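Novice: I would like the atomic coordinates for the input below:
(2 chains)
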2 protein chains.
Amino acid sequence: MSQSTLDYVLAQRIQGLDSSAIRKAFELAGTLKDPINLSIGQPHFPCPPNIVEAGVKALRDGKTAYTLTAGIPELKEALSQKYKQENGIDYASPDRLLVTSGISSAFLLLFNSLLNEGDECLVVTPHFLMYPAYIKIYGGKMNTISEDFQPEDLNVFKDKKLKIIIFSTPSNPTGTVLTKKQLTALAELAEKTGAYLISDEIYEKFDYDKSFLSVGSFYERAITLSGFSKTYSMTGLRLASIVAPAPIIKTLTTLQQYTLVCAPSVTQWMGIEALKTEMQPYIDDYKEKRDYVYENLKDHYQLKKSGGAFYFFLKIKEKDDDFVVRAVKEKGLILVPGYIFVDSKEYIRISFASEWENLKRGITALKELAS
Amino acid sequence: MSQSTLDYVLAQRIQGLDSSAIRKAFELAGTLKDPINLSIGQPHFPCPPNIVEAGVKALRDGKTAYTLTAGIPELKEALSQKYKQENGIDYASPDRLLVTSGISSAFLLLFNSLLNEGDECLVVTPHFLMYPAYIKIYGGKMNTISEDFQPEDLNVFKDKKLKIIIFSTPSNPTGTVLTKKQLTALAELAEKTGAYLISDEIYEKFDYDKSFLSVGSFYERAITLSGFSKTYSMTGLRLASIVAPAPIIKTLTTLQQYTLVCAPSVTQWMGIEALKTEMQPYIDDYKEKRDYVYENLKDHYQLKKSGGAFYFFLKIKEKDDDFVVRAVKEKGLILVPGYIFVDSKEYIRISFASEWENLKRGITALKELAS
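Specialist: Down below sits the predicted model:
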């Protein structure tokens, strides 16, 4: 009996899911000699040594068994304090918290738990590429609103039966930080339509102008997602948390029990140490890089100054695919095409999560590519 | 705006998922003073120190970033060798392999990718409690066949359009190891009906009479699942692998990219060391415990001698819930009721993954409860 004799029939929900263009760029980088890489979606600095040593201690202390489904109590307590003090979410008690295996897993639990086939979703765009993927997997319908929206622009959605409203702030791919006026308008729309409002705050600490605000600080029905991956450079260790109304947390916890079981135990112990770690010097470095990129590219490309995250979203004059290929061929420069984040072929995303040397080479190459 | 003013409407697919009775027992254990615990579904021994130190090295070497979606090449290569040499799966090349975050995550990827609403599934029973949960989440219909089946018993299914056939061998909760005749019959049924045949081999090394066989060794369309959690006592570290036909692996990898992203990076490095670790002394200890339990209980309960895993499934004379409550109240003994594994209230599951002292106290208590 051979594998070629029968078809492999896949479930409808996942047909058409494509490999991520980000990963393609990442793999392309491996084929070049001495490439300039401005495509990376994770910090260039190593995970701080005190966090690493907390992992070493947890391993040697035998913290290798299953944890409680919702996370170890010590981490939940530390997260509760973090949300209250740093995010102004005063209702973030440990029973309103779930510890999970990265923000992607949080999406999995949320969309699986909340979205029925045919449900309407609203995504603030340009958007992280996983949002439409999840909406597709679980059979939802996607609507978009530009991140530059004014409150009155949301009126067209107010009579829709929305199920999920989702956005990232600071944004991947644009670095835009949503304003209080915008967040208030989204919360009002959620309240009016009965939608769940999901705030993806994985880049919360990469907030260069102190403009970031958690919608959960003034809207208690918000579902707030925070990650450890980007802030502490531990993307491979899989840790994030969710604050949500208690009935939602209960449901997500049950589903986690049947799917992820628990976030990795050792990583959870590292999380406690991470929350005590001062990351401001790393953020200051990225702020300097943000300013450098903006100053050097603003006369060559149409671009908005990033308020956060570590990306710029550049408008270009040719199709994004063509530009990306030309950048590789002419300059050995790896970029991410914009079409995976927005319904347009006019943008590319660059990341300044990079050493200075690579970044400077990349910006020089971009200036030359524009002329 | 308060959380009480609006309902929380959950997706249909997860309504009715209950908290696992295993976890309930586990939490109950925490409330007793000096309980006897025979409910635990993980080894009682610590993760071997060489594996722990491989984790320490990986952490200090900075292996904290995302890995390739399908797993680090070094681990995939080591797994390929393991499947070929230890399981007789000679087609288990690295491109037929996916590394994922534990067997539960493997189920998530598989059921999500393969099962459409209304699809028929066949589960060999008594069964691991997650199988029906996944069938429910993804809208499948569950059929069962007793693990004691004869090949001709499968004839009733041969004209059904089965989508998934799933079993564990050695089994949780019975410890039964399926015979070659049974596996062959299941493979033939899969071939005839076009079903995917999923073999959950997480307890493969807990094989006390050397009777375990991978169906993948003679049936190339099989989907074989192996875990690190039980064999190496690293349940909290989340690591498992899947061998399947290449188109399935490609699909699962794409879905993993959008959900789990990658298995925890440090755990993957520990996996390489784990595969070099001799676990036979641990298995010999459990074999001795298996024999002890059987010899001491066979005159008090109707039970089949376990061939593998670390469980016995005992027939009792009262309702399982009542028996479990009585065991707690009269003896401080924690057990798992059988109904979560089989459509019957006549069984309890005991685990002999335990220190000798706890095990002996537990068996004495069980003898007294039977009289």
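Novice: show me where the stretch 251-371 of chain A has helices.
Specialist: A:265-274, A:280-297, A:320-331, A:356-370 (DSSP state H, counting those that start in this stretch).
Novice: please apply the same query to the stretch 1-150 of chain A.
Specialist: A:21-29, A:49-60, A:73-87, A:103-114, A:130-137.
Novice: give the other helices and strands that the second one contacts.
Specialist: Applying 3 or more CB pairs under 8 Å, 6 or more residues apart in numbering or on different chains; DSSP states H and E, we find helix A:49-60 packed against helix A:265-274, helix B:49-60. Every C-beta, even on glycine, is put in place using the N, C-alpha and C of the backbone.
Novice: and chain A, split by domain according to the record?
Specialist: Using the TED database, the domain parsing of chain A gives A:3-46+A:279-370, A:64-275.
Novice: ranking those by burial, who's on top?
Specialist: Of the domains of chain A, the one with the most neighbours on average (mean count of other CB atoms under 10 Å in any protein chain shown) is domain A:64-275, at a mean of 21.
Novice: what's the mean pLDDT across it?
Specialist: Computed over domain A:64-275, the mean pLDDT rounds to 96.
Novice: B:Leu108 is nearest to which of the helices and strands packed on helix A:49-60?
Specialist: Set against B:Leu108 and scored by CB to CB, the helices and strands packed on helix A:49-60 come closest in helix A:265-274, at 18.9 Å.
Novice: may I have the closest one as PDB, with CA atoms only?
Specialist: The C-alpha trace of helix A:265-274 is given here as PDB (Å, rounded to 0.1, in the frame of the first residue of the first chain):
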ATOM      1  CA  SER A 265       6.800  25.000  32.100                       C
ATOM      2  CA  VAL A 266      10.400  26.300  32.100                       C
ATOM      3  CA  THR A 267       9.400  29.300  30.000                       C
ATOM      4  CA  GLN A 268       6.800  30.200  32.600                       C
ATOM      5  CA  TRP A 269       9.400  30.400  35.300                       C
ATOM      6  CA  MET A 270      11.500  32.600  32.900                       C
ATOM      7  CA  GLY A 271       8.500  34.800  32.500                       C
ATOM      8  CA  ILE A 272       8.400  35.700  36.200                       C
ATOM      9  CA  GLU A 273      12.000  36.900  36.000                       C
ATOM     10  CA  ALA A 274      11.300  38.600  32.700                       C
END
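Novice: hmm, it touching chain B?
Specialist: Yes - judged by CB under 8 Å from any CB of the partner chain, helix A:265-274 comes into contact with chain B at A:Ser265, A:Val266, A:Thr267.
Novice: between these, which sits nearest chain B?
Specialist: In terms of CB to the nearest CB, no member of these lies closer to chain B than A:Ser265, at 3.1 Å.
Novice: next up, the contacts around that closest one.
Specialist: A:Ala58, A:Lys63, A:Thr64, A:Ala65, A:Tyr66, A:Thr67, A:Ile72, B:Gly236, B:Leu237 (CB atoms under 8 Å, 6 or more residues apart in numbering or on different chains).
Novice: can you tell me the closest non-neighbouring residue to it?
Specialist: B:Gly236 (3.1 Å; CB to CB, 6 or more residues apart in numbering or on different chains).
Novice: how about the one you found, secondary structure?
Specialist: helix (DSSP: H, G, I helix; E, B strand; the rest coil).
Novice: what's the separation between it and B:Pro46?
Specialist: 12 Å (CB to CB, to the nearest Å).
Novice: now the common contact residues for those two.
Specialist: A:Thr64.
Novice: same list (the helices and strands packed on helix A:49-60) but as TSV, adding distance to A:Glu86.
Specialist: Below are those laid out as TSV (distance: least, CB to CB, whole Å):
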stretch	distance to A:Glu86
helix A:265-274	13
helix B:49-60	26
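Novice: hmm, A:Ala54 is touching A:Trp269, no?
Specialist: Yes - applying CB atoms under 8 Å, one finds A:Ala54 in contact with A:Trp269, separated by 5.8 Å.
Novice: what helices or strands is the helix or strand containing A:Leu225 leaning on?
Specialist: Secondary structure assignment for A:Leu225, by DSSP states H and E: strand A:223-227. Counting contacts by 3+ CB pairs under 8 Å, 6+ apart, strand A:223-227 packs against helix A:73-87, helix A:103-114, strand A:196-200, strand A:240-243.
Novice: for A:Ile72, grab phi and psi.
Specialist: Backbone geometry at A:Ile72, expressed as degrees, to the nearest 10, gives phi -70, psi 140.
Novice: next one: it relative to chain B, how far apart?
Specialist: For A:Ile72, the distance to chain B equals 10 Å [CB to the nearest CB, to the nearest Å].
Novice: coming back round to it: can you put the helices of the stretch 1-150 of chain A in CSV and add distance to A:Val156?
Specialist: Output for the helices of the stretch 1-150 of chain A, formatted as CSV (distance: least, CB to CB, whole Å):
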stretch, distance to A:Val156
helix A:21-29, 30
helix A:49-60, 45
helix A:73-87, 30
helix A:103-114, 23
helix A:130-137, 19
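Novice: assign a three-state SS to the closest residue to A:Gly307 other than its chain neighbours, would you?
Specialist: Residue nearest to A:Gly307 in three dimensions, not counting chain neighbours: A:Val177, with 3.9 Å by CB to CB, 6+ apart. Counting by three-state DSSP, the backbone at A:Val177 sits in coil.
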